[in-house]
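Predicted model, plus sequence, below.
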Amino acid sequence: MRDGKVVKGVQFRNHEVVGDILALAERYRNEGADELVFYDITASPEGRSVDRSWINRVAEVLDIPFCVAGGIRSLQDAEEMLNFGADKISINSPALARPELISELARRFGSQCVVVGIDSRDEDGVYRVYQNTGDPDKTSRAGRETVAWVKEAEQRGAGEFVLNCMNQDGVRQGYDLQQLALVRENCTVPLIASGGAGAPEHFSDVFEQAHVDGALAASVFHKQIIEIGALKKYLQEHHIEVRLS
Amino acid sequence: MSAASTTVAIIDSGGANIASLQFALQRLGARPLLTSDHDIIRQADRVILPGVGAARAAMTRLHEKGLDALVPTLTQPLLGICLGMQLLFDGSDEDDTDCLGLIEGRARLFEAAPDRPVPHMGWNRVEKTRNARLLDGIPDGAYFYFVHSYAVDPVATTTGSTDYGRVFTSVVRKGNFMGTQFHPERSGENGARLLQNFLHLVD
């Protein structure tokens, strides 16, 4: 999201407006999404927080869990979002800048609502964490290796990880199964795969081969290349347990 | 009584995030009111005991406002949600807490396993164990949304159960006191139907 509109980039560049938040939220809920994540990708790089009134409007129409990511630097930021009705908050760059934030959030609100988002890139066989990925001009290495960061964040109280594999993001060639499987082996809390979904088989592959707990996608849903209800039926036919209402 | 006129007192035990619950009740046409006022709670058509956080802290807050004495005297349908359901039972292993004692049973911690992280968080199935008005119109094995680390073993009054490494009480009813371990306000159509059933209970 940027300025209250939903955007989705290709490898985090060149965002295009794809729809109004509430209409999209309801559409995904009706198609059978299990959870929604709202990212304000402009928040961290520009050193500001989101205008949060929209969270309350989302909570008003939505009856499935949703997570808000972007610009959470303090307990007050998180508390405001949770009070507006968000079920979880997701932190990324601010956690890299000050890892204690994860511990503070977990102590105050419980690990169950503290998601740590990680943008990770394969560089000659080493997975490295990137920060401020919402703005191509400010995106930089965080100086951490991905697996080590996952372990530290979990120890600090992260209740869930969303691992966005940047090499795959927006190109629809499939999830980074190798990287996700490696991270899966190195954490015990739920792991959500992100980046690369382009076809139904990419989803079955990531559940079967990387054993992730959830699969996140944006562009294939925004652009209506894949319909969530049809995807879940496909997964059920492949003996992957899904919630069909 | 039509749902449009149904007043729902949501007991304010402090700390709980109840925006989603208030919106869910409003979508069903009810009038939710967050309160710790004894008279308002006593006069409401329905009462909901929500709860997030830890059992002892929640019981302490109820006690500070005299609500631990009030709740057992209520006669209208009362629904405990998540920790609010656990508070209806005898006690919880969480900080070795004495709860309201309205239903026999005790909450105890899940044991984490490599494929079963704790807290238990996400969608899971509810199997009907007895005929239950709360679950009218909801298919057996329907999915609901859970977030919890402690759970109560099935008891005589359990009406729905769920399996997460061990089978536990996910829906319970004893007289006018009922509860769900999951969050109906976050459980899509099935959750909305359960709340609607609660608003329309006639017995």
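Great, that's in hand.

which ones are touching the residue of chain B at minimum distance from chain A?
Of all residues in chain B, the one sitting closest to chain A is residue B:19 (3.7 Å; C-beta to the nearest C-beta). Just so you know, the C-beta spots here come from the backbone N, C-alpha and C atoms, and that holds for glycine as well. With contact taken as C-beta atoms under 8 Å, 6 or more residues apart in numbering or on different chains, residue B:19 is in contact with A:56, A:59, A:83, A:84, A:85.

What does the pLDDT read for the nearest residue to the fourth one once chain neighbours are set aside?
The spatial neighbour of residue A:84 that comes closest, neighbours along the chain excluded (C-beta to C-beta, 6 or more residues apart in numbering or on different chains), is residue A:55 at 3.8 Å. Each residue has a pLDDT score; the one for residue A:55 is 87.

Which of the three states applies to residue A:55?
helix (DSSP: H, G, I helix; E, B strand; the rest coil).

Chain B against chain A: which residues are in contact?
B:17, B:19-20, B:23-24, B:26-27, B:52-53, B:112, B:114, B:117, B:119, B:121-123, B:142-143, B:145, B:147, B:185-192 (C-beta under 8 Å from any C-beta of the partner chain).

Please, where are all the strands along the chain?
Since you didn't name a chain, this refers to chain A. For chain A, strands defined by DSSP state E occupy the ranges A:5-10, A:13-20, A:36-39, A:66-69, A:88-91, A:114-123, A:126-131, A:140-145, A:160-165, A:191-194, A:214-216.

think we crossed wires, I meant chain B
Counting by DSSP E, chain B has strands at residues B:7-11, B:31-35, B:46-49, B:78-81, B:89-92, B:97-98, B:103-109, B:120-128, B:142-148, B:150-152, B:158-163, B:167-174, B:177-180.

The second one versus strand B:7-11: what angle between them?
Calculated by axes from the mean of the first three to the mean of the last three C-alpha atoms, to 10 degrees, strand B:31-35 forms an angle of 30 degrees with strand B:7-11.

other SSEs contacting strand B:31-35?
Where contact means 3 or more C-beta pairs under 8 Å, 6 or more residues apart in numbering or on different chains; DSSP states H and E, strand B:31-35 is packed against strand B:7-11, helix B:19-27.

by contact count, what packs against the shortest one?
Think strand B:7-11. Helices and strands touching strand B:7-11, by 3+ C-beta pairs under 8 Å, 6+ apart, are helix B:19-27, strand B:31-35, helix B:38-43, strand B:46-49.

now, of these, which is deepest in the fold?
With neighbours taken as mean count of other C-beta atoms under 10 Å in any protein chain shown, the helices and strands packed on strand B:7-11 reach their highest mean count in strand B:46-49, at a mean of 26.

List the contacts of the residue most central in space within chain A.
Per C-alpha atoms, centre = their mean, the C-alpha nearest to the average position across chain A is that of residue A:162, at 4.8 Å. With contact set as C-beta under 8 Å, 6+ apart, residue A:162 has these partners: A:37, A:90, A:115, A:116, A:117, A:118, A:192, A:194, A:216.

quick one: contacts of stretch A:236-245?
Counting by C-beta under 8 Å, 6+ apart, A:32, A:34, A:204, A:207-208, A:232-233, A:235, B:123, B:142-143, B:188-190 sit against stretch A:236-245.

which of those lies closest to residue A:68?
residue A:34 (16.4 Å; C-beta to C-beta).

contacting residues for residue B:79?
Shown in contact with residue B:79 (C-beta under 8 Å, 6+ apart): B:46, B:47, B:48, B:49, B:178, B:179, B:180, B:198.

Could I get these in JSON lines, plus columns for pLDDT?
Shown next, in JSON lines, are the contacts of residue B:79 (pLDDT from 0 to 100):
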{"residue": "B:46", "pLDDT": "98"}
{"residue": "B:47", "pLDDT": "98"}
{"residue": "B:48", "pLDDT": "98"}
{"residue": "B:49", "pLDDT": "97"}
{"residue": "B:178", "pLDDT": "97"}
{"residue": "B:179", "pLDDT": "98"}
{"residue": "B:180", "pLDDT": "98"}
{"residue": "B:198", "pLDDT": "98"}
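
Looking at those, which one is closest to residue A:22?
Ranked by distance to residue A:22 (C-beta to C-beta), these are led by residue B:48 at 26.0 Å.

So which residues on chain A come close to chain B?
A:29, A:34, A:56, A:59-60, A:63-65, A:82-85, A:87, A:110-113, A:159-160, A:188-190, A:213, A:243, A:245.

List only buried entries from these.
Neighbour-count burial (16 or more other C-beta atoms under 10 Å in any protein chain shown) is assigned, among the residues of chain A next to chain B, to A:29, A:34, A:59-60, A:63-65, A:82, A:84-85, A:87, A:110-113, A:159-160, A:189-190, A:213, A:243.
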